[in-house]
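**Q** Build me a model:
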Amino acid sequence: MNVGEKLLGRKVVKAPPPRGGMQLVRLESVASFTCSRCTQEKTARLVAVRGDILWCNGCYGRAQASAVEGGRLSQESVGRPPTVSASPPAASDTRPPIPRTEDLAQVVVEELDGGLPHSVVNNGLTVEWKFHVRAEHLLHGTCPVPAEMADRAAPQEPLDLTFSRGRNRIGVLDQQKGVRLGVEGDVPLLTGLTWQPFVLPGTRVSVRWDMWRKVRLAYTPLDKPLVFGGTVVRYAYDPKIMTRELAAFDARVDRVEELVLIALRELGYLDEKGRALLPREALLRNTVERAQPERPPTEKVRGAIDRLLSRRILTWEEGSVNRAGMLHHPARRGETPVPLLCYTPTLREAEREDLRNDVGTAYSTSAHRVAGHLMRIGHLGKEASPEARAAYREDHKRAGLAGPHELPRGFTYVREHERGI
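**A** As a prediction, this is how the structure comes out:
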């Protein structure tokens, strides 16, 4: 398949060369399908395809790693030199093979969950579930729903929504009417929502539907507000999603350093702390290829990485890759060890300056500052507005940063502002 073609009713946005007779493609949005190998119902953006046969990403990776399906990887089937030697190592040599530089530039990173419902509970009177907000929910005004609700709710019947603050003290934040159950492709969604301004990608939401017209969405407040990578966070969140879909505007880095950090955060392997990791070769290649409107020379990108390392904004960790080129951290036994560049988002307790004008109650209705930040939208097929580009250009110049003052491809810019909650 090629980029731009349709699969499962979705446009293909990434189509690397086939491996072992199957091609793992990335769709513009999540789609539901039955994996022909494990026979499980899957909802994902990554789909392995061969003719009419569809595999999930997990089955594809396991098959490639064990080299069971389609034989061992060859240079012809992969379209590039294999990640590991096609012949087994000598019995006296138990060390994993050393990956080639060009192989490390093509590593595969597992996809995050698509913001789908989980922990679904249906007791016959209510249906409850949880999910993590993604950028597409904020941009389109949607909320994912499980099959337990989609099968019983009346399509297009208006619903009454209540947004609340959970835990010990329940407080109503907002109420909305006229939200409806719709379907995007074959994925059920609530449509017509207006998310509160303080909701960020990664925010955890608990939802309850009473089988009639009432739906409650609840946020869980943190014990104390935090600053995650330059952005004030007040509610429980997934650090992986926040690292992937938010990039705080930071005056400490120049233009090329900024491009390096964005590429690492958007494409790297993410651990439970929200750290992003990639081999140096993959980071170099992707930073150069994704930069717009002008691609920086490779040597400039190398210099930017070295500066980030010297200032400890980036550090070194050890990971590993399997036969399918899938990246893992920490390193797994039996896989090829690989040095990884690591970005660790700054995480600290919010200070008075971060919460200026706050009256002292952790979750009062007073205003708080939100740092200017980039939000990833390229994977949704969206482009930044002229207003967002102009705002980024102005703030970038004001910060005294060197180089072109153009918004990175695939992101929109949200200016520093105050939000009342």
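**Q** any chance you could map the strands in the stretch 151-300 of the chain?
**A** For the stretch 151-300 of the chain, the strands defined by DSSP state E, counting those that start in this stretch occupy 159-165, 171-184, 187-191, 204-209, 214-219, 221-228, 231-235, 246-248, 269-270, 276-278.
**Q** Whichever helix or strand residue 27 is part of packs against which elements?
**A** Using DSSP states H and E, residue 27 falls within strand 23-34. Packing contacts for strand 23-34, counted by 3 or more CB pairs under 8 Å, 6 or more residues apart in numbering; DSSP states H and E, involve strand 6-7, strand 10-14, strand 41-50, strand 187-191. Quick note: C-beta positions are derived from backbone N, CA and C, even for glycine.
**Q** The same query, at a cut-off of 10 Å, please.
**A** Helices and strands touching strand 23-34, by 3 or more CB pairs under 10 Å, 6 or more residues apart in numbering; DSSP states H and E, are strand 6-7, strand 10-14, strand 41-50, strand 53-56, helix 57-66, helix 135-140, strand 171-184, strand 187-191.
**Q** How about the longest one, which residues are buried there?
**A** Pointing back at strand 171-184 there. Under the neighbour-count criterion of 16 or more other CB atoms under 10 Å, strand 171-184 has 173, 176, 179-182, 184 buried.
**Q** And the second one, by the same measure?
**A** By neighbour count, and taking 16+ other CB under 10 Å as the criterion, the buried residues in strand 10-14 are 10, 12-13.
**Q** what about it, distance to the chain center?
**A** From the chain centre to the centre of strand 10-14 is a distance of 17 Å (CA atoms, centre = their mean, to the nearest Å).
**Q** neighbouring contacts of it?
**A** 1-6, 23-31, 45-47, 49, 184-185, 378-381 (CB atoms under 10 Å, 6 or more residues apart in numbering).
**Q** So what's the residue count around residue 123?
**A** Residue 123 has 7 neighbours, counted by other CB atoms under 10 Å.
**Q** so what's residue 174 up against?
**A** Here residue 174 is in contact with 161-164, 194-196, 217, 421 (criterion: CB under 10 Å, 6+ apart).
**Q** Repeat the analysis, applying 7 Å as the threshold.
**A** 163, 196 (CB atoms under 7 Å, 6 or more residues apart in numbering).
**Q** where does the stretch 301-421 of the chain have low pLDDT?
**A** 356-373, 376, 378-382, 396-405, 409, 415-421 (pLDDT under 70).
**Q** show me where it has strands.
**A** Taking DSSP E, counting those that start in this stretch as the test, the strands found in the stretch 301-421 of the chain are 314-321, 327-328, 336-343, 347-349, 367-370, 373-376, 411-414, 417-420.
**Q** between these, which one is nearest to residue 241?
**A** With CB to CB as the measure, strand 373-376 is the member of the strands of the stretch 301-421 of the chain nearest residue 241 (10.0 Å).
**Q** Kindly report the domain assignment for the chain.
**A** The chain breaks down into these domains under automatic domain parsing: 6-82, 118-223, 225-348, 352-420.
**Q** so which of those gets nearest residue 105?
**A** Here domain 225-348 is closest among the domains of the chain (CB to CB), at 4.2 Å.
**Q** ends of the closest one, how far apart?
**A** End-to-end distance of domain 225-348 (CA to CA, to the nearest Å): 9 Å.
**Q** go on, stretch 375-395?
**A** 15 Å.
**Q** hmm, back to that, point out the most buried one among the domains of the chain.
**A** Highest mean neighbour count among those (mean count of other CB atoms under 10 Å): domain 225-348, with a mean of 19.
**Q** distance between that domain and the chain's centre?
**A** Worked out by CA atoms, centre = their mean, domain 225-348 lies 12 Å from the chain centre.
**Q** what's the answer for stretch 47-54, then?
**A** On CA atoms, centre = their mean, the centre of stretch 47-54 falls 24 Å from that of its chain.
**Q** Please export the alpha-carbon coordinates of that stretch; CSV is fine.
**A** Written as CSV, here are the backbone C-alpha positions of stretch 47-54 (Å, rounded to 0.1, in the frame of the first residue of the first chain):
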residue,chain,number,x,y,z
VAL,A,47,-2.3,-2.5,10.9
ALA,A,48,-0.2,-5.1,9.1
VAL,A,49,-1.6,-6.0,5.7
ARG,A,50,-1.0,-8.6,3.0
GLY,A,51,-3.7,-8.7,0.4
ASP,A,52,-7.0,-9.3,2.4
ILE,A,53,-5.2,-10.5,5.5
LEU,A,54,-4.9,-8.1,8.4
